[in-house]
Every structure is written in C-alpha cells, then in structure tokens.
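Engineer: Coordinates only, no sequence provided:
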C-alpha cells in the first residue's frame, strides 16, 4: 500500500487497486462480514475515509504482532 493515501474519499475500486485485490466483490464481502475498513454510503455509492482505511490497516498490523 502506498505510504500516502489520497486526500479524498476512496471508492471500492481504489481499495482493489491499493491492496491488489482480485475484484470489488472482495471489498463488498468485507463489508457484509464487517471485517474490512468502515465505509459509508453517499446515495448509492460506497465510500471510505482514508483515515478509517489507515486505522483498519494499523489494527491488522497490531493483531499480527500479537
């Protein structure tokens, strides 16, 4: 993942590119299972705050170190 996140809300496609995921379906599965970063809807569009994505990555790192 890039060290600097964009200064805008992220799309599911952005997460696919950043984490080299197989497809956007992976992002939607994370959302359904409540295992991925916190997202929110703007109308019918799913968006992610870069700070929430960073916090999620940090929580994964902390869990891996345990």
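Structural biologist: That came through, no problem. No experiment lies behind these values; they were computed from the predicted model shown.

Engineer: Identify the residues contacting the helix ranked longest in the chain?
Structural biologist: Longest helix of the chain, by residue count under DSSP state H: helix 50-65. With contacts defined as C-beta atoms under 8 Å, 6 or more residues apart in numbering, helix 50-65 is touched by 1, 5-10, 15, 18, 36-39. Bear in mind the C-beta positions are built from the backbone N, C-alpha and C, glycine included.

Engineer: Strands along this protein, start to end?
Structural biologist: 39-42, 45-48 (DSSP state E).

Engineer: Check which residues of the worst-scoring helix or strand of the chain on mean pLDDT are buried.
Structural biologist: The least trusted helix or strand in the chain, going by mean pLDDT, DSSP states H and E, turns out to be helix 50-65, with a mean of 92. Residues of helix 50-65 classed as buried: 50, 52, 53, 56 (neighbour count, 16 or more other C-beta atoms under 10 Å).

Engineer: Among the residues you listed, which one lies nearest to residue 27?
Structural biologist: In terms of C-beta to C-beta, no member of those lies closer to residue 27 than residue 53, at 10.9 Å.

Engineer: Could you measure from the closest one over to residue 22?
Structural biologist: Distance from residue 53 to residue 22, counting by C-beta to C-beta, to the nearest Å: 18 Å.

Engineer: Likewise for residue 52?
Structural biologist: 22 Å.

Engineer: got it, and residue 34?
Structural biologist: Per C-beta to C-beta, residue 34 is found 20 Å from residue 22.

Engineer: swap in residue 8?
Structural biologist: Here the criterion is C-beta to C-beta. By it, residue 8 lies 24 Å from residue 22.

Engineer: These two: which is more packed in?
Structural biologist: Each of residue 8 and residue 22 has its neighbours counted (other C-beta atoms under 10 Å); residue 8 has more, 10 against 7.
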